[in-house]
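Undergrad: okay, predicted coordinates and the sequence, questions at the end:
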Amino acid sequence: MSDDLHISPVAGRIGATVSGVKLGGDLDGATLKEIRNALLRYKVIFFRGQDHLDAEGQVAFAGLLGPLTTAHPTVPSLDGHRNILDLDYRSGQKVDRWHTDVTFVDRPPQASVLRAIEVPSAGGDTLWANTVAAYLDLPAELRELVERLRAVHTNAYDYARIAFADDPERAKAHAEVFASTVYETEHPVVRVHPETGERSILLGDFARRIAGHPSDVSEAVIRLIQQQVTKVENTVRWHWAPGDVAVWDNRATQHRVIHDFGAQPRRLQRVTVAGDVPVGVDGRPSTVLRGDAAEYSEVAA
């Protein structure tokens, strides 16, 4: 490890801070390798004090981790920045449900890079959960069952009602954008990580049903597994400051916002690194049921 780079775990099962590095597109290969190794080990890593980083620098740094996606399959990008999703909570949205990013497409992002621009004086933290640890914590008999299941993920559900519960008009408008193109993909509930070989649970809020099972059974199974994922022992909580950057392995985590900040401003910007098609323990890849996300997953930088 570089003499300047210092990595400190934040919680017992997930999360670490990385200090002694100035993020940007000009990192040397050795430093980048250490950052990637830390990401694979700790699942989410945090960088304080990256105030020098602007939109272009964030995109340049994220591009070192791999080819970038567009900002989102359906939500417009930040003006002039095709790769950046602007998460501005002043519009009143409450996106506070556990999820893995963009699992309704066949190639969910490999990683996300989130930069804090404006944050509440108190509240507005983000939680991440380790889906590898959650899998390992399951009893052996339940692991064997879950490994055989596949789940259907989609963006076509009443997400807007949840995100804008206090504003029906805004909810309607947001729903029209978010589901302007409907995507539906069947993923294995347990995927094999393409770099580490670890097995992780692939569910979250976009998973709406278990393939081949009735709705009541699907809901019960998803709820049972999700409770395991979000056990306190599997999570880490991050209190943001302006200039903070978080990078997480989207193949091994879920996350959610804690919406306890009322009307205080909260604005962050996200860039995502293109991922691969998940593969289950049985070697079967995910399959597209509806929608073509090729444009989202292409190299967009």
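TA: It's in.
Undergrad: okay, now the unreliable bits of the stretch 51-200 of the chain?
TA: 91-94, 158-180 (pLDDT under 70).
Undergrad: please enumerate the strands of it.
TA: 84-88, 111-118, 126-130, 150-154, 184-188, 190-192, 199-201 (DSSP state E, counting those that start in this stretch).
Undergrad: out of those strands, which is closest to G291?
TA: Ranking the strands of the stretch 51-200 of the chain by proximity to G291 (CB to CB) places strand 184-188 first, at 6.4 Å. (Each C-beta comes from the backbone N, C-alpha and C, glycine too.)
Undergrad: run the angle between that closest one and strand 150-154 for me.
TA: Between strand 184-188 and strand 150-154, the angle comes out at 150 degrees (axes from the mean of the first three to the mean of the last three CA atoms, to 10 degrees).
Undergrad: got the contact list for stretch 138-149?
TA: In this structure, residues lying in contact with stretch 138-149 by CB atoms under 8 Å, 6 or more residues apart in numbering are 135, 188-190, 199, 201, 210-211, 221, 225, 228, 280-282.
Undergrad: do you know which of the strands of the stretch 51-200 of the chain lies nearest P9?
TA: That would be strand 126-130 among the strands of the stretch 51-200 of the chain, by CB to CB, at 12.1 Å.
Undergrad: pairing partners for the closest one, with directions?
TA: strand 235-238 (antiparallel), strand 253-257 (antiparallel) (DSSP bridges).
Undergrad: just the CA atoms of the longest one, as CSV, please.
TA: In other words, strand 253-257. In CSV, the C-alpha atoms belonging to strand 253-257 read as follows (Å, rounded to 0.1, in the frame of the first residue of the first chain):
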residue,chain,number,x,y,z
THR,A,253,-24.8,-4.2,-1.8
GLN,A,254,-28.2,-2.5,-1.3
HIS,A,255,-28.6,1.0,0.0
ARG,A,256,-31.2,3.6,1.0
VAL,A,257,-31.6,7.2,2.2
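Undergrad: list the buried residues in the helix or strand following it.
TA: Downstream of strand 253-257, the next assigned helix or strand under DSSP states H and E is strand 267-273. Residues of strand 267-273 classed as buried: 268-273 (neighbour count, 16 or more other CB atoms under 10 Å).
Undergrad: in a markdown table: those residues, plus pLDDT and distance to L87.
TA: Shown next, in a markdown table, are the buried residues of strand 267-273 (pLDDT from 0 to 100; distance: CB to CB, whole Å):
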| residue | pLDDT | distance to L87 |
| --- | --- | --- |
| L268 | 96 | 5 |
| Q269 | 96 | 7 |
| R270 | 96 | 6 |
| V271 | 97 | 11 |
| T272 | 96 | 12 |
| V273 | 97 | 17 |
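Undergrad: closest one to T70 among the strands paired with strand 126-130?
TA: Per CB to CB, nearest to T70 of the strands paired with strand 126-130: strand 253-257, 20.3 Å.
Undergrad: quick one: contacts for A116?
TA: Applying CB under 8 Å, 6+ apart, we find A116 in contact with 240-245, 268.
Undergrad: how close does it sit to E186?
TA: A116 sits 35 Å away from E186, taking CB to CB, to the nearest Å as the criterion.
Undergrad: please apply the same query to T103.
TA: For T103, the distance to E186 equals 11 Å [CB to CB].
Undergrad: mind listing the shared neighbours of those two?
TA: Going by CB under 8 Å, 6+ apart, residues that sit against T103 and also against E186 are H153.
Undergrad: which of these two has more neighbours?
TA: T103 (27 against 18; other CB atoms under 10 Å).
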